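In: Kindly return the folded structure for what I paste below:
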Amino acid sequence: MGLVLLVNALFMVVSVFVSAINGFDTGFSPLLLSAVITATIGSFPYIFVQATGDVAIKEGYVIVVLSWAISCLFGMLPYLLWGGEFSLIDAWYESVSGYTTTGGTILTNVEGLPKSLLFWRASTHWIGGMGVVLFMLLILPEVSSVRLKLSKIEISPLSQDYYRFRAKETVRVIAYVYFGLTVLEVICLCIAGMSFFDAVCTSFATTATGGFSTRNANIAYYDSVWIESIIVLFMCLSAMHFGMIFLFVSGRSSALFRSPITRFYLLTILVASMLVSVNLWMSGTYNTIGESFRHGVFQTVSLITTTGFATTDSSAWPSFTILILTYMMIQCGCSGSTTGGIKSDRALIAWLSIRAQLTKRLHPKSVVPVRIGGQTVDPEVVSGANLFIVLYLACFLVCAIILSLDKIELLDAVSASAAHLGNVGPGFGNLGSMENYNALSGVSKFVLSVEMIMGRIEIFGFFLLFGSRK
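Out: This is a model prediction of the structure:
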């Protein structure tokens, strides 16, 4: 956990240099002091804690969960020291939203932040997208048994089945794809006319599927079809399995687009985009079918990939489109990516297991396994996926009820709960894509911050930490 803090301190130092480049803006002192505090406390374990050659599974979960928590805790320091709109709970919320790649914000004037703080804000997305623990694992020795155990805990068990690498290579593969997508998007956005600073911050948010923007109007500020198209492409890629992307790009396998899960994910985007766009056109929300498709496709991809970028206020859209987009917020992208939510993998397994059970009802004596791509899915994986979905929906419902008790309107409470558990960011109603969470009470902001952390570590890790006695 000390190493995790040192990684965060490094990005704070980079933000200090950004401040210096921009004439030592008002973020210089807060970021420098935050870097010193974080680095100092991060070095304490190296001085006072004896090194260990191994960790137990329970200890591993403690390290993973607390690494996320302390990153969020120290990540709020620059906001608190800078002041402005940031109270204690608001700084905490913004920090958690950044690291968990949720993208919800309390800021009413994003452009009022200095560039250094905007860069730090985007950096929390980029750190959290890959995972604070995975950044640490990049530094740990490859032969470390601690590295092996923590990688198995931090990386979703569902996505591990699709990696075709040794454990020590998996983290490096994720890093290659993550860094590569980020650099490539920066180049493309600059060519499309975006400034270099905005391109870097936007790419950090896109690759991490986060959604923090440097502009009050979000992506609508640029009003560019080319920029929106580039972002849509990279949002789609960032929500796919990184291991399969690596194999495809390196020419070692073409399984990426032959994968039933990838096809299911892309088919979901295609069908949902068509339904949303046609409904926007037929309802008269937009005057032309071209404009309807432009906004419909962008918002659909933005929500299913849990990025949360916006080109328009989707809260004013018809109820049918809001229902479709709400489902996108729950299903989300593929395992092995930076997205949150249930994941397309589990959604496909759930639909196939329902079909298998219906067949079993018609033929009681038959054995009907769940198959994906001609391969039988292990019954334990099926039951685990279904259990996760039930637990996910239960957490979503409980948090929505708590929010409604805080006198939040029904649509706002339900959409906010779904958006934060899925690490999506914007909801609907008064908490829509062009709004913010500033008006919520401190209690609601804290509940949503806990929900964001639960969603980022995929719920099981959160409950295992408190539920296991051994």
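
In: Leaving out sequence neighbours, find the closest residue to the residue nearest to the spatial centre of the chain.
Out: Nearest residue to the geometric centre of the chain (C-alpha atoms, centre = their mean): T101, 3.9 Å. Using C-beta to C-beta, 6 or more residues apart in numbering and skipping the chain neighbours, the partner closest in space to T101 is G210 (4.0 Å). For the C-beta atoms, the positions are set from N, CA and C on the backbone; glycine is no exception.

In: on that earlier part again, test for you: state the pLDDT assigned to the residue nearest to the centre of the chain.
Out: Per-residue confidence (pLDDT) for T101: 91.

In: again with L352
Out: 88.

In: for the strand or helix carrying it, packing partners?
Out: Element membership of L352 [criterion: DSSP states H and E] is helix 344-362. Counting contacts by 3 or more C-beta pairs under 8 Å, 6 or more residues apart in numbering; DSSP states H and E, helix 344-362 is packed against helix 157-160, helix 260-282, strand 371-372, helix 379-405.

In: Report the buried residues of the last one.
Out: What that stands for is helix 379-405. Neighbour-count burial for helix 379-405 flags 381-382, 384-385, 388-389, 392, 395-396, 399-400, 402-403 (criterion: 16 or more other C-beta atoms under 10 Å).

In: so who does H420 touch?
Out: Going by C-beta atoms under 8 Å, 6 or more residues apart in numbering, H420 touches T102, G104, C399, L448, E451, M452, G455.

In: do you know how far it is from S123?
Out: For H420, the distance to S123 equals 21 Å [C-beta to C-beta, to the nearest Å].

In: again with L411
Out: Here L411 is placed at a distance of 33 Å from S123 (C-beta to C-beta).

In: Among those two, which residue is more densely surrounded?
Out: Shown here are L411 and S123; by other C-beta atoms under 10 Å, S123 has more neighbours (25 against 18).

In: So the more buried one sits against F204, correct?
Out: Yes - using C-beta atoms under 8 Å, S123 makes contact with F204 at a distance of 6.6 Å.

In: which SS class is F17?
Out: What DSSP: H, G, I helix; E, B strand; the rest coil gives for F17 is helix.

In: State the pLDDT value of it.
Out: 96.

In: pLDDT value on the residue of the chain positioned farthest from its centre, please?
Out: Distance from the C-alpha centroid of the chain, by C-alpha atoms, centre = their mean, peaks at K365 (43.2 Å). Note for K365: predicted pLDDT of 77.

In: Now it, what are its backbone angles?
Out: phi -90, psi 0 (degrees, to the nearest 10).

In: how about it, what does it touch?
Out: K365 touches nothing, counting by C-beta under 8 Å, 6+ apart.

In: now do L80
Out: P30, F86, L88, A91.

In: Give me the buried entries from these.
Out: Buried among the contacts of L80 (16+ other C-beta under 10 Å): P30, F86, A91.

In: which secondary structure elements does whichever strand or helix holds the last one contact?
Out: Right, the one you point to is A91. For A91, the enclosing helix or strand under DSSP H and E is helix 88-99. In terms of contacts (3+ C-beta pairs under 8 Å, 6+ apart), helix 88-99 is packed against helix 57-75, helix 77-82, helix 115-130, helix 442-456.

In: Point out the most buried one among the ones you listed.
Out: helix 115-130 (a mean of 26; mean count of other C-beta atoms under 10 Å).

In: how about the strands in the stretch 201-350 of the chain?
Out: Read by DSSP state E, counting those that start in this stretch, the stretch 201-350 of the chain holds no strands at all.

In: pLDDT weak spots in it?
Out: Within the stretch 201-350 of the chain, the segments meeting pLDDT under 70 span 252-253.

In: which residues of it fall in helices?
Out: 225-238, 242-249, 255-258, 260-282, 289-304, 319-331, 344-362 (DSSP state H, counting those that start in this stretch).

In: mind checking which of those is nearest I174?
Out: Distance to I174, taken as C-beta to C-beta, is lowest for helix 242-249 among the helices of the stretch 201-350 of the chain, at 5.1 Å.

In: Just the C-alpha atoms of the closest one, please, in PDB.
Out: Output in PDB follows, covering the C-alpha atoms of helix 242-249 (Å, rounded to 0.1, in the frame of the first residue of the first chain):
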ATOM      1  CA  PHE A 242      -7.400  -6.200 -23.500                       C
ATOM      2  CA  GLY A 243      -5.800  -9.600 -23.700                       C
ATOM      3  CA  MET A 244      -7.700 -10.400 -26.900                       C
ATOM      4  CA  ILE A 245      -6.800  -6.900 -28.400                       C
ATOM      5  CA  PHE A 246      -3.200  -7.600 -27.700                       C
ATOM      6  CA  LEU A 247      -3.300 -11.000 -29.400                       C
ATOM      7  CA  PHE A 248      -5.200  -9.500 -32.400                       C
ATOM      8  CA  VAL A 249      -2.800  -6.500 -32.900                       C
END
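
In: Could you pull out the buried residues of it?
Out: Here helix 242-249 shows F242, G243, M244, I245, F246, L247, F248 as buried, counting by 16+ other C-beta under 10 Å.

In: Tell me the one of those residues nearest F298?
Out: Nearest member of the buried residues of helix 242-249 to F298, counting by C-beta to C-beta, is I245, at 21.8 Å.

In: which stretches of the stretch 1-150 of the chain have low pLDDT?
Out: Residue ranges of the stretch 1-150 of the chain with pLDDT under 70: 52-58, 132-150.

In: quick one on the thing from earlier: nearest to V96, out of the helices of the stretch 201-350 of the chain?
Out: That would be helix 319-331 among these, by C-beta to C-beta, at 18.1 Å.

In: secondary structure class for L32?
Out: helix.

In: what about it, neighbour count?
Out: Using other C-beta under 10 Å, L32 has 19 other residues around it.

In: Then F17?
Out: Count around F17 with other C-beta under 10 Å applied: 13.

In: Thought E409 was touching L440, still the case?
Out: No - judged on C-beta under 8 Å, L440 makes no contact with E409 at a distance of 11.5 Å.

In: Please say which of these two ends up with more neighbours.
Out: L440 (24 against 14).

In: Regarding the more buried one, what is its secondary structure?
Out: Assignment for L440 (three-state DSSP): coil.

In: ok, it to S34 distance?
Out: In terms of C-beta to C-beta, L440 sits 25 Å off from S34.

In: What of M282?
Out: If you go by C-beta to C-beta, the gap between M282 and S34 works out to 51 Å.

In: Just the pLDDT for L362.
Out: Taking L362 on its own, its pLDDT is 83.

In: and if you look at Y162?
Out: 50.

In: Then C188?
Out: pLDDT, C188: 96.

In: Surely it touches V232?
Out: No - using C-beta under 8 Å as the test, C188 is too far from V232 to be in contact (11.6 Å).

In: quick one: which of those two has more around it?
Out: V232 (24 against 19).

In: got a list of what the more buried one touches?
Out: So V232 contacts V297, F298, V301 (C-beta under 8 Å, 6+ apart).

In: Thanks a lot, catch you later.
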